[in-house]
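Chemist: predicted model, plus sequence, below.
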Amino acid sequence: MIADLLALVPVQRAGLGLLLGAVALPPVGVLIVGLDIYPVRFAIMHVALLGSAIGLLTGTDPLLWALLLCALAGGGLAPFATTSAGLSGAMGLLMSLAIAVALLVLSISGVNANGAFELLWGSILSTRPVDLVVLGVLAVAIPALFWWRRRDLSLLLHDRELAACSGVRTGPLTTALLVVIAVSIAGAVKLTGALLVDALTLLPALAARRIGRGLTGMVVASIGIGLVVAVAGLLLALVLDQPPGPVLVLLAGVIALLAQLLPMRRT
């Protein structure tokens with residue numbers, strides 16, 4: 001039965017999308033953990049939801065709108081990262097406005113309950129070739145960014161002031177990282193939905209923090225955990241005949257909880 005399901009094109013696209021997402025998204029979670037900006041993903045998720053709603057209203061591609069608005073939101077949040085007030089106030093305002101406008105747009109566009117449900121919880125089995133292209137670009141670009149700027153990223157994620165004193169241009173680098181985080185979350189919405197994107201971003205990174213040594217070790221461990229979650233989660237969902245999104249989140253959550261039992265490794 002599983003072999004028959006795996007032979008279906010939608011299942012194959014879903015599997016490929018999850019594998020690409022498992023390479024691209026867990027390092028984004030490492031950035032979120034390292035920069036200690038956990039709430040930023042909530043704000044970006046709501047912006048992605050707004051972009052998808054605008055796409056449905058205008059009859060254009062929701063993914064493109066989500067990518068565009070999330071990139072703008074990530075760049076717009078960057079100036080607040082270096083202020084004494086931090087990102088909290090700006091993220092709260094952005095999240096509130098984005099969800100309010102998104103709900104209004106969904107109401108105007110007349111999206112039915114199933115359509116809204118897909119935006120919130122994702123629709124892995126409806127993954128399209130363009131979604132795979134976006135995830136493929138992210139799967140190449142994000143690990144390459146970590147390898148290219150590993151020294152600067154290690155310093156920035158460890159201590160912003162130390163990074164600045166060491167010659168790292170923390171402002172532009174922070175702006176670039178926020179845009180990367182925002183665009184990556186937008187790219188993941190199709191797989192897990194706006195509410196379950198943590199399955200492939202934050203949860204593997206939280207587990208990797210207990211396993212990996214140093215930034216490179218955390219990134220490699222997070223990708224490994226993401227791949228386990230993607231493969232095992234999809235197969236488990238098919239066997240149980242349940243929606244993949246919640247199964248992926250629960251599996252990633254169990255791994256993250258078990259990892260907390262391990263002693264924190266020195267970096």
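Modeler: Yes, it's here.
Chemist: wouldn't Gly34 be in contact with Leu155 here?
Modeler: No - counting by C-beta atoms under 8 Å, Gly34 stays clear of Leu155, with 10.7 Å between them. Placement of C-beta: from N, CA and C, glycine included.
Chemist: between those two, tell me which one has more neighbours.
Modeler: Leu155 (22 against 18; other C-beta atoms under 10 Å).
Chemist: only the buried residues of the helix or strand containing the more buried one, if you could.
Modeler: Assigned by DSSP states H and E, Leu155 falls within helix 150-158. Buried residues in helix 150-158, counting neighbours by 16 or more other C-beta atoms under 10 Å, are found at Asp152, Leu153, Ser154, Leu155, Leu156, Leu157.
Chemist: again, but for stretch 37-55
Modeler: 37, 40-55.
Chemist: ditto for stretch 247-258
Modeler: Val247, Leu248, Val249, Leu250, Leu251, Ala252, Gly253, Ile255, Ala256.
Chemist: and the contacts of that stretch?
Modeler: 18, 192, 196, 198-200, 203-204, 206-207, 225, 228-230, 232-234, 236-237, 240 (C-beta atoms under 8 Å, 6 or more residues apart in numbering).
Chemist: just the buried ones from those residues?
Modeler: 18, 192, 196, 198-200, 203-204, 206-207, 225, 228-230, 233-234, 237.
Chemist: ok, back up a step: which of the contacts of stretch 247-258 fall within helices?
Modeler: Assignment to helices by DSSP state H places the following of the contacts of stretch 247-258 there: 18, 192, 203-204, 206-207, 225, 228-230, 232-234, 236-237, 240.
Chemist: Cys165: which of those is nearest?
Modeler: Closest approach to Cys165 among the ones in helices among the contacts of stretch 247-258 (C-beta to C-beta): Leu206, at 29.1 Å.
Chemist: just the pLDDT for the closest residue to the closest one other than its chain neighbours.
Modeler: Excluding its sequence neighbours, the residue lying closest to Leu206 (C-beta to C-beta, 6 or more residues apart in numbering) is Ala256, at 4.7 Å. The model reports Ala256 with a pLDDT of 91.
Chemist: Ala256: which element?
Modeler: Using DSSP H and E, the element containing Ala256 is helix 244-259.
Chemist: again, but for Ala221
Modeler: helix 214-240.
Chemist: by contact count, what packs against that helix?
Modeler: Packing partners of helix 214-240 (3 or more C-beta pairs under 8 Å, 6 or more residues apart in numbering; DSSP states H and E): helix 2-6, helix 9-35, helix 129-148, helix 150-158, helix 202-211, helix 244-259.
Chemist: contacting residues around the shortest one?
Modeler: Helix 2-6 is contacted by residues Val11, Gln12, Gly15, Leu235, Leu238, Val239 when judged by C-beta under 8 Å, 6+ apart.
Chemist: just the CA trace of stretch 182-195, in PDB.
Modeler: Listed next in PDB are the C-alpha coordinates belonging to stretch 182-195 (Å, rounded to 0.1, in the frame of the first residue of the first chain):
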ATOM      1  CA  ALA A 182      11.300  35.800   6.300                       C
ATOM      2  CA  VAL A 183      11.600  34.500   2.700                       C
ATOM      3  CA  SER A 184      12.300  31.000   4.100                       C
ATOM      4  CA  ILE A 185       9.200  31.000   6.200                       C
ATOM      5  CA  ALA A 186       7.200  32.100   3.200                       C
ATOM      6  CA  GLY A 187       8.600  29.300   1.200                       C
ATOM      7  CA  ALA A 188       7.700  26.800   3.900                       C
ATOM      8  CA  VAL A 189       4.100  27.800   4.200                       C
ATOM      9  CA  LYS A 190       3.000  25.500   1.400                       C
ATOM     10  CA  LEU A 191       4.400  22.500   3.200                       C
ATOM     11  CA  THR A 192       3.300  23.000   6.700                       C
ATOM     12  CA  GLY A 193       1.000  26.000   6.700                       C
ATOM     13  CA  ALA A 194       1.400  29.300   8.600                       C
ATOM     14  CA  LEU A 195       0.900  27.700  12.000                       C
END
